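Novice: could you look at this predicted model? Sequence included:
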Amino acid sequence: MGVTYGALRAAHENNRDARQLWICPDIIKAPMFAGGGDVNMHLVQLFVPAASQVDVDVEDVVARVQNEMTKRYGGATAYINSPARGLWSNGGKPEEDEIIVIEVMVDDLDRDWWDQYRRELEHLLRQDELLVRALPVERL
């Protein structure tokens, strides 16, 4: 799963409704989509709780993350209309959570920067741990 060139191009050309899939139009022109050949990059995924345990507007946090990622990397995708549901065992009674996934494609993975950014989001959302992961991506 991820953002493909075809999906970006189709959404851009069809002026797809941004309520379901947020796309920065400039990403179509980004160097990773220009020309041919393989381009190695990373897909960074941030898993943000859809409902905060504190008085924090999660939609504001998602908008903030999107704006910051757009300034730093040229765009971001947030899946906000259909939060993912997770179920796990925490030593006893199963716990359920709904999350919003924000995806960012990056050429270079600055692990120190992402570690600090994750800690800032954990503090903002008052989370013990927030999952931020990077997956290698190769353009086909």
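Specialist: Arrived safely. Residues are numbered from 1 along each chain as shown.

Novice: use CA for all of it now, contacts and neighbours both
Specialist: Will do.

Novice: where does the prediction get shaky in the chain?
Specialist: With pLDDT under 70 as the threshold, the chain has low-confidence stretches at 1-39, 52-54.

Novice: could you look up the SS state of residue 92?
Specialist: coil (DSSP: H, G, I helix; E, B strand; the rest coil).

Novice: quick one, phi psi at it?
Specialist: Phi and psi for residue 92, reported as degrees, to the nearest 10, are phi -170, psi -110.

Novice: report how many residues lie close to it.
Specialist: For residue 92, the count of nearby residues is 7 (other C-alpha atoms under 10 Å).

Novice: isn't there a strand covering residue 109?
Specialist: No. Under three-state DSSP, residue 109 sits outside any strand and is assigned coil.

Novice: so how far is residue 127 from it?
Specialist: Plainly put, residue 109 is 24 Å away from residue 127 if you go by C-alpha to C-alpha, to the nearest Å.

Novice: what does residue 44 give?
Specialist: Summarising the geometry, the distance separating residue 44 from residue 127, computed by C-alpha to C-alpha, is 19 Å.

Novice: more neighbours: which of those two?
Specialist: Using other C-alpha under 10 Å as the criterion, residue 44 and residue 127 rank with residue 44 on top: 22 against 15.

Novice: where's the more buried one, which helix or strand?
Specialist: strand 40-49 (DSSP states H and E).
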